[in-house]
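*Asks:* Got a predicted structure plus its sequence, pasted below:
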Amino acid sequence: MYRRCTAAYSTSSVEYFCDICLPYKIVVHLQLHQEFLSDQQKIRTELLTQFKDELDTTRAELEDKYRESLKMEIAKLTEKHKRELAATKKKQWCWQCESEAIYHCCWNTAYCSVECQQGHWATHKKFCRRKKGQQQAQSSQNNSQQNTQQQ
């Protein structure tokens with residue numbers, strides 16, 4: 001009997017206690033839910049900040065690598081350009097058509113073909129050092145021959 005009374009009393013007291021506690025349970029439940037949402041938002045914000053920092057770091061590293069590769073490529077191209085320019089400067093070029101020359105007339109005039117030389121001769125003969133040199137040599141020979149004949 002005691003057990004029945006105690007059981008009945010405890011059941012009724014639990015129900016009574018639950019009825020009284022229900023509003024507090026709701027308040028505690030809402031507070032816990034609000035804390036949960038707040039913690040979730042805080043974690044989300046921290047993760048987003050961490051992600052942005054990692055993204056900025058990665059972007060900076062990639063930009064540095066890209067700039068470095070550009071510098072290396074520019075250095076390679078500059079060196080190649082210098083070599084090609086030096087090789088080009090060592091060649092002589094046709095005065096008539098600007099192709100690579102193989103026939104030389106005088107100290108600064110060369111031609112790629114006989115046709116170019118003949119086409120440019122009308123202009124070049126006024127300045128040709130070979131012709132002037134040959135004329136001077138012939139005139140000095142003629143003068144020496146005349147001098148020997150006069151004596």
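*Replies:* Done, it's in. Numbers count the residues shown, from 1 in each chain.

*Asks:* Report the residue ranges of every domain in the protein.
*Replies:* Split into domains by automatic domain parsing, the chain comes to 1-90, 93-151.

*Asks:* Dump those domains into CSV; add mean neighbour count as well.
*Replies:* (Glycine included, C-beta is placed from N, CA and C.) Putting those into CSV (neighbours: other Cβ atoms under 10 Å) gives the following:
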stretch, mean neighbour count
domain 1-90, 10
domain 93-151, 13
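
*Asks:* mind giving me JSON lines with these and columns for mean pLDDT?
*Replies:* JSON lines is the format used below for the domains of the chain (pLDDT from 0 to 100):
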{"stretch": "domain 1-90", "mean pLDDT": "86"}
{"stretch": "domain 93-151", "mean pLDDT": "76"}
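
*Asks:* after the helix ranked longest in the chain, next one along is what?
*Replies:* Longest helix in the chain by number of residues (criterion: DSSP state H): helix 2-90. Note on helix 2-90: by DSSP states H and E, the next helix or strand toward the C-terminus is strand 103-106.

*Asks:* Show me what that next one is packed up against.
*Replies:* Here strand 103-106 touches strand 109-111, helix 114-124, helix 129-150, going by 3 or more Cβ pairs under 8 Å, 6 or more residues apart in numbering; DSSP states H and E.
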